[in-house]
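# Compute the structure for the input listed below.
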Amino acid sequence: MNAAPFSFFNLLGANPPICAFAPGDRDDGTPKDTALNVRAIHEFVVNLVDEAIAEAMNQCAAALPFGESELTRAGLHAAPSSVVKPPRIAEAPASLECVEWGTLQIGGNRVVIGLIKRIHLRDELFDVEKKRVRTEKLLTIGRMASPHWYCKTSERFEMIRPD
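Numbering: from 1, shown residues only. Sure thing, here's the model as predicted:
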């Protein structure tokens, strides 16, 4: 299973729910495994990373031969997805099952746009009464700068929007 971490990933819309990521190429110009996999089956899963699995995620960045599982190397486990073929990462706090809407080539950048078809979220992260994610418990990490810098999202603040 290909489980490469991506710094160029974001959610782009809610109706329909959209996410996008930009997989790079290898030094020789050939697409990396994630781009090849999306091209082959037109589906993918985005797994969010929290502080608990940050080190394992970093292990998934290793350049392995095509078809060799980054999950096995990192000590993570695959879980079946509900509506797409690629599995999700069982330890991830949230996973987004996506169907490729399209891929844009903008200069040397490849941007994969996906429609989110299913979201998996750890039970303790969802407030059933309010129908909201408990963001104070979702301690995701973010990629800040290449090659080795990340940030924690545990320090948050609120700013009330003006009327």
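# What helix or strand is the most centrally placed residue in the chain located in?
Centroid-nearest residue in the chain: Val46, 3.1 Å away (criterion: C-alpha atoms, centre = their mean). In this structure, Val46 sits in strand 43-47 according to DSSP states H and E.
# Sheet-wise, list the partners of that strand with their directions.
Strand 43-47 has the following strand partners under DSSP bridges: strand 94-106 (antiparallel).
# Adjacent strands (with direction) for the next helix or strand after the partner strand?
On the C-terminal side of strand 94-106, the closest following helix or strand by DSSP H and E is strand 109-121. The pairing partners recorded for strand 109-121 under DSSP bridges are strand 17-21 (antiparallel), strand 94-106 (antiparallel).
# Contacts for the longest helix anywhere in the chain next, please.
Selection of the longest helix in the chain by residue count, based on DSSP state H, yields helix 33-41. Contact with helix 33-41 is made by 2, 4, 6, 21, 23, 25, 31, 44, 66, 85-86, 100, 103, 110, 112, as judged by C-beta atoms under 8 Å, 6 or more residues apart in numbering. C-beta: built from backbone N, CA, C; applies to glycine.
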